[in-house]
Each structure stands twice: as C-alpha cells, then as structure tokens.
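**Q** sequence first, predicted model second:
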Amino acid sequence: MMANGADQDMGERAYLDHNATTPLRPAAAEAMGRAQALAGNPSSIHAEGRAARAAIEKARGQVARAVGGEARSVIFTSGATEALNTLLRPSPALIAAGGPQPVDNLLVLATEHSAALAGGGFRSDWIEILPVDRDGKARIDALESRLSDLSSHAGAVIVAVQLANSETGVIQPIDGIVAAARHSSAFVVSDAVAAFGKISIDIKALGVDALVISAHKFGGPKGVGAIILNGERLQIAEPLLRGGGQEMRRRSGTENVAGIVGMGAAAEEAVARLEQESVRLDDLRARLLAGLRRARPDIAVFGEQVPRLPNTLNIGVPGITSETAVIAFDLAGVAVSSGSACSSGKVKRSHVLDAMAVQPELADGALRFSLGWTTTEAEIEHAIAAFGRIAGSAARQAAA
C-alpha cells in the first residue's frame, strides 16, 4: 500500500480518489523546485525576468504538445473553474474569426461540472440544460433539435461538454457533438479535466474550439490550469481578469511560475506514459470490480456498457448510503468518494446520476473509485478487503 507522504502519521492507506486530485509527480516537484529559485518577474526585461519567462514558455510548449495544439493558443489560469468562466461568456468577451459575433446562448449537458452548469457570464435565461441518456452520453438528437430551433436566432451558440465525466468516467461522443455544432455554426468548449492523461487527446482531430485542463488532475500542482484554443475560430477578446495584460493580454496577473512549470512537466510525463498506464489502470480496475462483486454480486456499475476512462469505477450498492460508506472506507484506511469533490466537502446525491435516471436507492449508495499513477495492486486488495467488511456489516445491520 502507498504511504501518504504528506501526512505520515496517517499510516498505510490506499488512495483511490485520483479524480479529485492526483498526487504530485516527482518530475513536477523537481521542476517546481528549480522554478522557485528563479527570482525574476516574467514580465521584466532583465536577465532574471527573461529566465522566468523562458520557464513559462517551455511549459506552454509542453502543454500544447500534450494535446496536439499550438503554444500560442495556451492560456494559463488558476484552474479549470477560472478557465470555464473565461470561455463561457457572451459577446464581446468572445469573438469568432472574421470579427465580433454575438454569442448569447449556452447549451450545457446535464452531467457537466458545476462551473459549466453555472453558465459563467451568461444570463440564466440564456442557459439551457441538455439531456443525457441512461448511460450518461449526450443525446445527439436533442442537441441537433435545439440547435435547429436556434438557427433563426441572430446570436451564436456555445455548447459546453465534458470530454469524459469525472464521476462515471463515461466518454462523450464528441465527434457527433462537434458535427452537430458545426452544422449550426455553434462553438464547442470541452472540459477535458478528467480525460487528460487517461486517454489520448488531439485538439485538432476532436475539432472542438477550446479545451480546458487542470494540473492537479494529472500529477501537477493544485491551483493552475489552462485553456487551449483550437486555431483562430474562437478567441478571447476581453479578459476575465484585467490588469497588466499578461498571457498575451488574455489573462492578467503575474503568472504562477512554479505552478505553470510543474504543470508542464506533469503534462509531458502523463502523455509519455499514457499508453502503458491506460492498460495498467484498466487491469487494476477490473481486478477491483471483481473483488467488490465477490462481496456484493448485486453491485451496479454506472456507464458499464459504454466507453469509459480506464481509471474510473462508479458503483451503486443497494442498502448502503454513500456518506456512511465513504466514512467507513476512510476509517479502514481507504480514500474514495461519492462523486465530484467540488461541492464544499458535502456528501450528497450526484446530479450526474440523477440526469442518468439512476434509481434513487442506487444513487444514494454511489461510490467512486478513481485510480492513478501511484495506484498499486496492494491498494486494490486493501480496498477489496475493506469493502468486504463494510458490506458484511451492512448485511448484519439489515438482518438485525
């Protein structure tokens, strides 16, 4: 099992909550240590400033190459929430190639992250929630129908869609979504936070107008993310944060040099190891599910019949509540979750599972196991053993 280096007195634990945050990769930590020694402000023109600027530009290139994009199209942010708030805004904040274009409709999948569902800078009456099917995949027919309804409207439309869902791991049919959007001249902003480092991403092949990623989801530091634009079709005309004009006048504020450098190093390593890690994590997930089902054959796996991220397993356990199970796992030395970690630490029923029309008794017992680069076979066995005790205790209580 993995010892938690940040809190050694916790003892040996199994950390299976990588979709919330993945531990910092040594390559990222080393790069950040070197960057911390850079004294200059990256906006200064002296040698110290130029050294800091060079470190940022190296990281910009690393992030761009990781998604098949161009370095000049990478904009560093404080994370995915800021990135989505920057992109999900109406005109004049965003413009299309060829000049300003009014953007006054936002279509968002019902399973999106809360930052997308909040709609950024759009008025509430300009935001529409699109349905998903029972597997959590976008209903292309519903998207096409709504885009057709809006075709006579003067303003342009943004479609916000996760490349893969962080709770279930379900991978969206992005090719169909992009095709429907292009047919209606709509823009596609894709949250690739959960997908980055788990599946191959090529922004040009995907055809989306912008990607959003967050460093702490793939072994970089917390508090840094990026927008990657796909060419010139969609541009940021007016920054969300105004001031000194950093990030090529698209995001003001002195750059987090160490964080950006750590993000670049983590991105490079995650993509370099992607193929072998995907196979390894898929095998570990299969082993975990088999062990869990030995204790409870009636487990439901959400999204089991459709393509999912190789590291994510979201299950429903009849007769067990998420809150009780998460606490019991924690006491047994296993870190798991009931879904997204972006809800102020509360354990509550998932809006993702509600959108998938999951039965309440299953949704109330949802548990997410998410694996990552530090996950070992011993951790999987630890989790299986802990679940066996938790399931046994629940059965005894039900019989009492």
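**A** Everything's here; your move.

**Q** CA only for contacts and neighbour counts going forward, please
**A** Fine.

**Q** where does the stretch 1-150 of the chain have low pLDDT?
**A** Scanning the stretch 1-150 of the chain for pLDDT under 70 picks out the ranges 1-11, 92, 97-100.

**Q** quick one: the strands in it?
**A** Taking DSSP state E, counting those that start in this stretch as the criterion, the stretch 1-150 of the chain carries its strands at 2-3, 12-15, 74-77, 94-96, 103-109, 127-130.

**Q** how about a markdown table for those, with distance to residue 43 and mean neighbour count added?
**A** Shown next, in a markdown table, are the strands of the stretch 1-150 of the chain (distance: least, Cα to Cα, whole Å; neighbours: other Cα atoms under 10 Å):
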| stretch | distance to residue 43 | mean neighbour count |
| --- | --- | --- |
| strand 2-3 | 40 | 14 |
| strand 12-15 | 39 | 22 |
| strand 74-77 | 15 | 26 |
| strand 94-96 | 25 | 20 |
| strand 103-109 | 33 | 24 |
| strand 127-130 | 38 | 17 |
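
**Q** need the ones you listed in a markdown table (columns: distance to residue 258).
**A** Formatted as a markdown table, the strands of the stretch 1-150 of the chain follow (distance: least, Cα to Cα, whole Å):
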| stretch | distance to residue 258 |
| --- | --- |
| strand 2-3 | 26 |
| strand 12-15 | 26 |
| strand 74-77 | 12 |
| strand 94-96 | 29 |
| strand 103-109 | 33 |
| strand 127-130 | 36 |
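
**Q** taking the centroid of the protein, which residue is nearest it?
**A** The chain has residue 193 as the residue nearest its centroid, 2.4 Å off, counting by Cα atoms, centre = their mean.

**Q** checking my notes, that one in a strand, right?
**A** No: applying DSSP: H, G, I helix; E, B strand; the rest coil, one finds residue 193 to be coil, outside a strand.

**Q** so who does it touch?
**A** Counting by Cα atoms under 8 Å, 6 or more residues apart in numbering, residue 193 makes contact with 80, 162, 166, 212-214, 217.

**Q** got these as CSV, with secondary structure and neighbour count columns?
**A** Converted to CSV, the contacts of residue 193 look like this (DSSP: H, G, I helix; E, B strand; the rest coil; neighbours: other Cα atoms under 10 Å):
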residue, secondary structure, neighbour count
80, helix, 26
162, strand, 26
166, coil, 28
212, strand, 28
213, strand, 27
214, strand, 30
217, helix, 24
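
**Q** now, the most widely separated pair of those?
**A** Largest separation among these by Cα to Cα: 162 and 217, giving 14.3 Å.

**Q** residue 357 is in contact with residue 134, isn't it?
**A** Yes: Residue 357 lies in contact with residue 134 (Cα atoms under 8 Å); the separation is 6.2 Å.

**Q** let me see the contact set for residue 304.
**A** residue 135.

**Q** pLDDT at it, what is it?
**A** Note on residue 304: pLDDT of 96.

**Q** secondary structure of it: a helix, I assume?
**A** No: Residue 304 sits outside any helix when classified using three-state DSSP, being coil.

**Q** phi first, then psi, for the closest residue to residue 164 other than its chain neighbours.
**A** Closest residue in space to residue 164, ignoring its immediate chain neighbours: residue 171 at 4.2 Å, by Cα to Cα, 6 or more residues apart in numbering. Main-chain torsions, residue 171, degrees, to the nearest 10: phi -90, psi 130.

**Q** per-residue confidence at residue 171?
**A** 98.
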